[in-house]
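Peer 1: Sharing a sequence plus its predicted fold:
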Amino acid sequence: MRRETGFTIVEMLVAILLLTVGVLTTISVLSAGQRLTLVAERQTTLAHRAQRELERLQSLSYSQLAMTAAPTRSTDPANPNFYVTAGGAFSYDRNDTSQTESFAIDATNGAISTTAQPWTDGRLSGFVYDYVTWTTDPKCAPGCPASNDYKRITVMVTLTGAAHPSKPVLVSTVVADPSAAPTGAPKNSVQNPLDSPNTTCQVGTNADGSPILGLCSNGISGTPIDNYLYDTSSLDSAGHDVLSRLPILGDHATHQTLGPVSNLLCIVLSLVFSGCQDPNLMGSTPPPTPVAPNPLPPVYKYSTDVTGDTYTGGHVLKQDVSCATAPSWSAGANQNRGDFWVTPPLSSNTTLNGSGGATLYMQSANGVTANVTICLGIYVAPQTILGLLNTPPITLGVQALANVSVPTVPTPVSFTFSSAFGISGGQPNTYAFLAGKRIGIRVWIAASAGDVALLYDHPRFASVVQVNAQ
């Protein structure tokens, strides 16, 4: 007799129960995963909306980046105004609400409203809350104020009609005043590299010709006078002195800064002043930086008459005499053998102590790195530019910076100097400029195998020469 085999009813019920539990568990897991995916999608949407708002606020000018009034505190933890303290401050760190900052409020210029702005992408919607607070950086001293060093932008975005995410999305950034001037720096959005402890200068040359490097902020004594190099002629078309920087209109041929085409021509045509020596102007104000979101100006070429060179912009310098040899100021001097600038007439007697420094933005114009010697001369120029016809600039001293490697991209070259006027009795010589005289600066290159472009009068390439007064 054969034995019959199979499943009992109890076994079938247990199998069905296990299968049901498995299916239900799988459905539950899939449902939970779908919910998590939905929450993550919502979170990403909120983050994108918050980032867009943050970028919009960053495009405002620094003065507009302020609240029109202080927001009102909310007792609802889901409302971003919950982080407004009873004392009128803002808890910018949700993980540590004891960290608070005061609101940056400017009822006149501020562009940040206390009213939440609605948003929607067609599927989701909610509100955007903007906050601007003052941030103090204790490590910024002594270059910053005692408080309110920067502005912190905080954007919080909420979601309407959904339980999750339950908390607003928060993004934040810190913005510095673009026109701030650190202590010891020029009136500029960027600190003068010569005053920065982070800038390395060539402070000397070893016996083998290799450079000796040191901090630019060391060894510069006296009161600095910053002279930013401009692409502004010091004479207008009528022969009148120009005393302040003028906007650059475009590329142009090399200015006649070193010497007249012909002294006789300049004198005879004194009503036109065609061909006369016309130094560029320099001054204490850096080239202006446009207010965001306006773009930076183009980098113009100041030597379109020079052909065959490849460079970003600026004045093309060709090799001239050594730094120990007096360069030519005579009629017909090659205007690409250097560049010459003068200050406006000095308003008072000024004594220079022979120390200072420079940051010059330079670029090889021949497609390969150039090794050059930079010559920087300091001069006395007459009050009226036409006076240069009869009296060339008086040389006070020339500084030489040897073995400078100039790459094919614009690069700052920073260096300092002392005893520029020589030494007498073991002490550096000084020179007293009388009121009405002008300080002159000439830059040329020696020992160069190729042309070099000197970039200046641009926010990115603000070349500056610093001379120090007693």
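Peer 2: Received the coordinates, thanks. Here the structure is a predicted model, which means the values were calculated and not measured. Numbering: from 1, shown residues only.

Peer 1: The longest strand seen in the chain: partners in the sheet, and parallel or antiparallel?
Peer 2: Ranked by residue count under DSSP state E, the longest strand found in the chain is strand 350-364. With DSSP bridges as the test, strand 350-364 is paired with strand 411-417 (antiparallel), strand 431-433 (antiparallel), strand 452-455 (antiparallel), strand 464-469 (antiparallel).

Peer 1: after that strand, next one along is what?
Peer 2: Using DSSP states H and E, the helix or strand that follows strand 350-364 in sequence is strand 370-381.

Peer 1: so what secondary structure elements neighbour that following strand?
Peer 2: For strand 370-381, the contact count by 3 or more C-beta pairs under 8 Å, 6 or more residues apart in numbering; DSSP states H and E identifies strand 350-364, strand 394-406, strand 411-417, strand 438-446 as packing neighbours. The way it works is simple: take the backbone N, C-alpha and C, and place the C-beta from them, glycine included.

Peer 1: any idea of the angle the second one forms with strand 464-469?
Peer 2: Think strand 394-406. Angle, strand 394-406 to strand 464-469, by axes from the mean of the first three to the mean of the last three C-alpha atoms, to 10 degrees: 140 degrees.

Peer 1: which helices and strands does strand 394-406 pack with?
Peer 2: strand 200-205, strand 211-215, strand 350-364, strand 370-381, strand 411-417.

Peer 1: Quick check: Thr359 touching Leu455?
Peer 2: No. Assessed by C-beta atoms under 8 Å, Thr359 is found out of contact with Leu455, at 11.2 Å.

Peer 1: ok, the two, which is more surrounded?
Peer 2: For Thr359 versus Leu455, neighbours defined as other C-beta atoms under 10 Å are more numerous around Leu455 (26 against 21).

Peer 1: quick one, what contacts the more buried one?
Peer 2: 299, 312-314, 361-363, 410, 461, 463 (C-beta atoms under 8 Å, 6 or more residues apart in numbering).

Peer 1: Same check on Thr384?
Peer 2: Contact partners of Thr384, counting by C-beta under 8 Å, 6+ apart, are Asp241.

Peer 1: how close does it get to Ala435?
Peer 2: Per C-beta to C-beta, to the nearest Å, Thr384 is found 14 Å from Ala435.

Peer 1: on that earlier part again, what would the helices and strands packed on strand 370-381 look like in JSON lines with distance to Ala40 and mean pLDDT?
Peer 2: Formatted as JSON lines, the helices and strands packed on strand 370-381 follow (distance: least, C-beta to C-beta, whole Å; pLDDT from 0 to 100):
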{"stretch": "strand 350-364", "distance to Ala40": "48", "mean pLDDT": "92"}
{"stretch": "strand 394-406", "distance to Ala40": "52", "mean pLDDT": "90"}
{"stretch": "strand 411-417", "distance to Ala40": "46", "mean pLDDT": "86"}
{"stretch": "strand 438-446", "distance to Ala40": "59", "mean pLDDT": "94"}
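
Peer 1: among those, which is nearest Thr20?
Peer 2: With C-beta to C-beta as the criterion, Thr20 lies closest to strand 411-417 of the helices and strands packed on strand 370-381, at 74.3 Å.

Peer 1: hey, C-alpha coordinates of that closest one in CSV?
Peer 2: Only the C-alpha atoms of strand 411-417 are listed here, as CSV (Å, rounded to 0.1, in the frame of the first residue of the first chain):
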residue,chain,number,x,y,z
THR,A,411,51.2,88.6,-12.4
PRO,A,412,51.9,91.0,-9.6
VAL,A,413,55.6,91.8,-8.9
SER,A,414,56.0,93.3,-5.4
PHE,A,415,59.2,94.7,-4.0
THR,A,416,60.4,97.2,-1.4
PHE,A,417,63.3,99.5,-1.3
